[in-house]
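> Below are the sequence and a predicted model; questions follow.
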Amino acid sequence: MHTETPLMPGPILTDDELASVRREYRAARLLPARTYHDPAILEWERDHILRADWVLVAREEDVAEPTSFVRIEVDGEDIIVVRGRDESIRAFYNVCQHRGTAVEERECGKAVRFQCPYHAWIYDLEGTLIRAKHTDDLEDFSFAEYSLRPIHVATWQGFVFLNLSADEPEPLEGHLGDLVDQLSRFDFRNLRSAKQIIYDVNANWKFIAENYSECYHCPGVHPQLNKLTPYDLGGDYDPHGAWQGGWMELVDGAETMALDGGHGSRHNRPPMCGVTSEDERRIYYYVLWPLAFLSIHPDYLLVHRLEPIAPDRTRVICDWLFEPETIGKPDFDPSEPVEFWDLTNRQDWHVCELQQRGTRSRTWVSGRYSNNEPSVQAFDLMVAARYAGEPFPSRPTVRDRFDTPVPKPLGDAGNGNGTANGNGHAAGKDRLGARAKASSGG
Amino acid sequence: MHTETPLMPGPILTDDELASVRREYRAARLLPARTYHDPAILEWERDHILRADWVLVAREEDVAEPTSFVRIEVDGEDIIVVRGRDESIRAFYNVCQHRGTAVEERECGKAVRFQCPYHAWIYDLEGTLIRAKHTDDLEDFSFAEYSLRPIHVATWQGFVFLNLSADEPEPLEGHLGDLVDQLSRFDFRNLRSAKQIIYDVNANWKFIAENYSECYHCPGVHPQLNKLTPYDLGGDYDPHGAWQGGWMELVDGAETMALDGGHGSRHNRPPMCGVTSEDERRIYYYVLWPLAFLSIHPDYLLVHRLEPIAPDRTRVICDWLFEPETIGKPDFDPSEPVEFWDLTNRQDWHVCELQQRGTRSRTWVSGRYSNNEPSVQAFDLMVAARYAGEPFPSRPTVRDRFDTPVPKPLGDAGNGNGTANGNGHAAGKDRLGARAKASSGG
Amino acid sequence: MHTETPLMPGPILTDDELASVRREYRAARLLPARTYHDPAILEWERDHILRADWVLVAREEDVAEPTSFVRIEVDGEDIIVVRGRDESIRAFYNVCQHRGTAVEERECGKAVRFQCPYHAWIYDLEGTLIRAKHTDDLEDFSFAEYSLRPIHVATWQGFVFLNLSADEPEPLEGHLGDLVDQLSRFDFRNLRSAKQIIYDVNANWKFIAENYSECYHCPGVHPQLNKLTPYDLGGDYDPHGAWQGGWMELVDGAETMALDGGHGSRHNRPPMCGVTSEDERRIYYYVLWPLAFLSIHPDYLLVHRLEPIAPDRTRVICDWLFEPETIGKPDFDPSEPVEFWDLTNRQDWHVCELQQRGTRSRTWVSGRYSNNEPSVQAFDLMVAARYAGEPFPSRPTVRDRFDTPVPKPLGDAGNGNGTANGNGHAAGKDRLGARAKASSGG
């Protein structure tokens, strides 16, 4: 069962600001302008989101073998993630407990121990202080108390998540909610990244997440993408957990998202483990709150991770993951999917940067959703819930993203106050191909 | 009649600080140091000066033909200025009302409409939203309400002014006051820029305006200029409106300000339209509050526009404007005036930057005027009036800039509490060549 | 007699923070993390340390002859230090009292007067305004009042100190306390800098001073240095004044600190004036509060000066000073000492920068001293005294830096509440070669 404890502090937005986001979506407004520009808001987000939620930071393959480690930055914190000799993955702040020096200087590698370069204090791979010369007669001092400070770690589908809260957090599975069941038919644990591109985007992280959440912009911004998966073919899920998502449908003749999209565009890459014949006709898009996107293709998994640098700057790390058997084939060549998404990414960053620039205007208060952007509101409602210090909403108010005629009944779609549906996945399936014009009440 | 509504908020300076600037000028102090260094002061100035006053931003020639537009930045705002098919000039914030994206990416050009690059919302040249897909069933939504936000525009002598206040501002002519009559003998509407140089000056915008307002520094800083127009030959006007100015006299044998100053230095450039034989012996200098300087030469018009970037940084855009017939001559060559003023500009920026650096000292409180700088106080008094939220003073306390013997009576010159003279221009003329040592009271 | 007036303002640290630093050193914690990162703390330090204490800024040789001057920056202030025709050294803020312009633009040179480049006001070498055109009839104005603002200057051992406080400060000799006697056997006045290297270090100035104060890091960080002066051979002084220091012993066969350390490494450089046979076997290290380090070698004097630029950035100016006779020798070559200390400096900056990075972590509160770092606490206690607005502690709580067996009695060593010893120098001598494991009570 997905549960969530309310966050401590009072809301950072005014009641009016929160209310305007939380209206029924055809009457709602987007998040207020200042949430994308004010350094104090980002600071608040760092404290209450980045340091309070599970954050996807790496793949298990990044610490593939015992004694391998990687250094990671989350929320400005320098963190060591290391696989112990016992195969367990652990994480520590990279801070010597003597005088605060960064202990490990390498970005990644193998370590038999961590030795501070300043005064040579030594910690083992479990973070325990095991050597500190000239400390034998100190008061109130023990190696146990002066060990590297640990960070909560959990894994799922080959992803490594950290939670930087000082207290024991909700388990990762509870945080992910019904996404765990929904993606259980897949097995992403063995996937390997064949390509990584890091982008420096001059836009707020929330603009990037909103951009990922809708395809209203696809006809104009992504003509290549829109040809393979038209913006009005697909559906959205009812999430119960810290995520939201949906799918788009490949047009006849298209096999995957690639620059040479169409028949043969998979170049003999077999479907990933668990992919059904239905999945082979779809691209699934998931926002893993707060900072990761999973885009599931029949033959590869695209992963975006966001690192907020400043209110108007975000680093985006994009990985193309394939089955190891696929990568191992002599004719393996990921360039068509890589170039397709690199192009699409850059198209997105461009409009996000224009949005960042435009919304700087003092005249700008907040925007409006078209009726093709309910998933943007779904994301904004997650943000608003955090700002309000409340649990995530059990569901977005409206779940269809289309304004074309309804081909078949949608049950409670458009019913903003329906009771929670325990099986969002099944609900999603029922709505395959739905193009609903919901009677969204008023 | 020039009228002015007091600005809303309370003063940003203390009573003592304001009083020390507003003393009779031989006892007065300059603006306090922090007004040139404190980011909060610049922020206040942005709100209460740059967004409250008419600001000269462009020439009509920049949007010469119907459908031509130019993008302009005022106070950090990205603004589209466009000439409609009806020849009217309009201005809008470059912000799509959907999700706040910058609509127009080009710096200038022709536009049949403005289409947002993100979700393709379309606005006509009057700023009206005319197409927004998937918005037909939104609540509290109309194309009229979601049109581009307009900005007040006015023109005078071929200059385009914007006023960014939300409320209806005082008309431009009222703001300019008696400057309109004073310059009515000229017709600058057809002038064209033959050269533009943009400078990045590490000094506060007010230091640059103060520097422009006096020639006490000319003997040492501008030996070339001082040879053509000695610092002690000229006079100042009694302004009634948001301006201040004066003139300097060309020495015998000098025809204009140019690197080869002297006989023949106009190179067959005829006088500009409206220039009298008296004008041919003078250079007029006008500060158009808050951010523009007009320097009227017999044969060309020099225009400086300031863009405050930071407390210690100002962009200065300098244009050399000539009559189109002059520019059209086969032997037209503006290089002598351009090089003369480029040299003079750089000499000024250098001392302004040294002043910015020196006044950073924590020991620095504020300076003193010599008795050769009443126009600096005149400018400071305009600033102080804005800081106090009061109308501009009807006249500066003292109007002569010279401490040499008085050659002829000056009427009310030096009389700090005289009644306003409705004809500053005529007053100026009477004082041609005046070198007054005013009895400045005490 | 060393006296000190308490500083005005209340403490900037909490009582708990101050108490944790001020405990007996085996129980004490280092200064809190925020003192190294918070811009408000640096601002406080600028006001209450850099502008309140005597700061070593130059050598007398920098203004060797009458009319020679040098420009110096202290605490962001642009300062002229000049030797008058009467041989006296004076200092002034480089700010014209007319409109605040920086008067002198050259870094150093000779000056017959200081003439402002803006309006040509002229000051003599004593800072007195002697010419200001067009000021004859101003009110409340006199040349005396509008002279360059002077700064307190004092010299000792050829060093020039400034004190920027507005009030009359304690005399320099009182500030230096018993250091004056302790170093009176030397005569550094004639020394000349043969080499200067300026470093830009991404670390707080206090981290750099702490680093200089201990050799616990030497075995790992400075293998070259540790071979010549092993970290556990030496002793510390009981300071009475704004300083702290100690010495290390050269191993047999080593003559000085140089890259070719060992026999012959002095390359015929004779001992400096005043160096005894005991001094020839030692390197003395002194922190001159707040921003200078003196490292006395048998044959040269190494001087570090720190200039805090930002919480995480410090400029370090390092000079190698020799006797003029030594420099004058035809075979004089300082490269071995220069390269030795340049290497050592860079090793230190590297770990200081890692410490700056590590201590940024929000999880970092403050560190612990090993029992080999009492001089680090001695420095931190000076900082804490300033933070508390109190006089410097009469002595550090513990003075031995070694945890190896005590070879001979140490008197009051380790006695945190002993009465002040008026002759720290003699105490130091008694402890030559001490490797004390003090019974540090607590």
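Perfect, I can see it now.
> Could you grab the helix/strand/coil label for the residue sitting furthest away from the middle of chain A?
Within chain A, A:D137 marks the point farthest from the mean C-alpha position, 48.1 Å out by Cα atoms, centre = their mean. Classification of A:D137 using DSSP: H, G, I helix; E, B strand; the rest coil returns coil.
> any idea how far it lies from C:N202?
34 Å (Cβ to Cβ, to the nearest Å). No exception for glycine: its C-beta is placed from N, CA and C like everyone else's.
> re the thing from before, spatially nearest residue to the residue farthest from the centre of chain A (excluding sequence neighbours)?
With Cβ to Cβ, 6 or more residues apart in numbering or on different chains as the criterion, A:D137 has its nearest non-adjacent residue at 5.8 Å, and that residue is C:N371.
> Now do the end-to-end distance for stretch A:112-120.
14 Å (Cα to Cα, to the nearest Å).
> who touches the most centrally placed residue in chain A in this structure?
Geometric centre of chain A, nearest residue: A:A292, 1.4 Å, by Cα atoms, centre = their mean. With contact taken as Cβ atoms under 8 Å, 6 or more residues apart in numbering or on different chains, A:A292 is in contact with A:V55, A:L56, A:F159, A:V303, A:H304, A:R305, A:L306.
> I'd like to know which of the residues you listed are buried.
A:V55, A:L56, A:F159, A:V303, A:H304, A:R305, A:L306 (16 or more other Cβ atoms under 10 Å in any protein chain shown).
> The stretch 151-300 of chain A against chain B: which residues are in contact?
A:E210, A:Y216, A:H217, A:P219, A:G220, A:V221 (Cβ under 8 Å from any Cβ of the partner chain).
> quick one, helices of the stretch 101-250 of chain A?
A:172-176, A:179-182, A:205-212, A:218-221, A:223-228 (DSSP state H, counting those that start in this stretch).
> for the last one, what is the average pLDDT?
Read that as helix A:223-228. Averaging pLDDT along helix A:223-228 gives 96.
> Give me the residues contacting that helix.
A:215, A:218-219, A:250-251, A:254, A:257, A:259, A:261-262, A:340, A:343-344.
> make it 10 Å
A:215, A:217-220, A:222, A:231-232, A:248-251, A:253-259, A:261-262, A:265, A:283, A:340-341, A:343-344, A:347-348 (Cβ atoms under 10 Å, 6 or more residues apart in numbering or on different chains).
> Since PyMOL is what I'm using, could you give me a select command covering those, but only where they're buried?
A single PyMOL command selects the buried members of the contacts of helix A:223-228 (16+ other Cβ under 10 Å):
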select buried, chain A and resi 215+217+218+219+220+222+231+232+248+249+250+254+255+256+257+258+259+261+265+283+340+341+344+347+348
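> hmm, back to that, highest average neighbour count across the helices of the stretch 101-250 of chain A?
helix A:205-212 (a mean of 24; mean count of other Cβ atoms under 10 Å in any protein chain shown).
> C-alpha coordinates for that helix, PDB please?
C-alpha atoms of helix A:205-212 as PDB (Å, rounded to 0.1, in the frame of the first residue of the first chain):
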ATOM      1  CA  TRP A 205      13.700  21.500 -14.000                       C
ATOM      2  CA  LYS A 206       9.900  21.700 -13.800                       C
ATOM      3  CA  PHE A 207       9.600  23.200 -17.200                       C
ATOM      4  CA  ILE A 208      11.500  20.200 -18.500                       C
ATOM      5  CA  ALA A 209       9.200  17.800 -16.700                       C
ATOM      6  CA  GLU A 210       6.100  19.600 -18.000                       C
ATOM      7  CA  ASN A 211       7.500  19.500 -21.500                       C
ATOM      8  CA  TYR A 212       8.100  15.700 -21.200                       C
END
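> That one - contacts with which helices or strands?
helix A:39-45, strand A:192-201, strand A:282-288, strand A:292-296, strand A:301-310, strand A:313-322, helix A:335-358, helix A:374-388 (3 or more Cβ pairs under 10 Å, 6 or more residues apart in numbering or on different chains; DSSP states H and E).
> in stretch A:327-339, what counts as buried?
A:P334, A:E336, A:P337, A:V338.
> now do stretch A:265-276
Buried, per 16+ other Cβ under 10 Å, within stretch A:265-276: A:S265, A:R266, A:H267, A:R269, A:P271, A:M272, A:V275.
> For the first one, list the residues it contacts.
Residues counted as contacts of A:S265 (Cβ under 10 Å, 6+ apart) are A:228, A:250, A:253-259, A:299, A:336-337, A:340.
> ok, so of these, who is nearest chain B?
Of all the contacts of A:S265, A:L228 has the smallest distance to chain B: 19.5 Å, by Cβ to the nearest Cβ.
> count of residues packed around the residue nearest to A:D137?
For C:N371, the neighbour count with other Cβ atoms under 10 Å in any protein chain shown is 23.
> Checking it next. Helix, strand or coil?
coil.
> what does A:E280 give?
helix.
> residue contacts, A:P324?
So A:P324 contacts A:E61, A:N190, A:L191, A:R192, A:A194 (Cβ under 10 Å, 6+ apart).
> change it to 7 Å
A:N190, A:R192 (Cβ atoms under 7 Å, 6 or more residues apart in numbering or on different chains).
> What spatial separation is found between it and A:Q196?
A:P324 is 16 Å from A:Q196, by Cβ to Cβ.
> same thing with A:E17?
Where A:Q196 is concerned, A:E17 sits at a distance of 38 Å (Cβ to Cβ).
> Tell me who's in contact with the residue nearest to A:V153 when sequence neighbours are not counted.
Excluding the flanking residues, the one nearest A:V153 by Cβ to Cβ, 6+ apart is A:A91, at 4.9 Å. A:A91 makes contact with A:I79, A:I80, A:V81, A:P150, A:I151, A:V153, A:L162, according to Cβ under 7 Å, 6+ apart.
> again, only using 6 Å
By Cβ atoms under 6 Å, 6 or more residues apart in numbering or on different chains, the contact list for A:A91 reads A:I79, A:V81, A:I151, A:V153, A:L162.
> And for the last one, the neighbour number?
The number of residues packed around A:L162, counting by other Cβ under 10 Å, is 23.
> Give the bridge partners for it, please.
A:V55, A:V153 (DSSP bridges).
> From what I see, it and A:V57 are in contact.
Yes. At 5.2 Å, A:L162 counts as touching A:V57 under the criterion of Cβ atoms under 6 Å.
> what is in contact with these two at once?
A:V74.
> for the residue nearest to A:V153, phi and psi?
phi -140, psi 140 (degrees, to the nearest 10).
> Check the gap between it and A:V180 for me.
When A:A91 is compared with A:V180 (using Cβ to Cβ), they lie 21 Å apart.
> got it, and A:R281?
24 Å.
> Ok, A:C318 next?
From A:C318 to A:V180 the distance is 24 Å (Cβ to Cβ).
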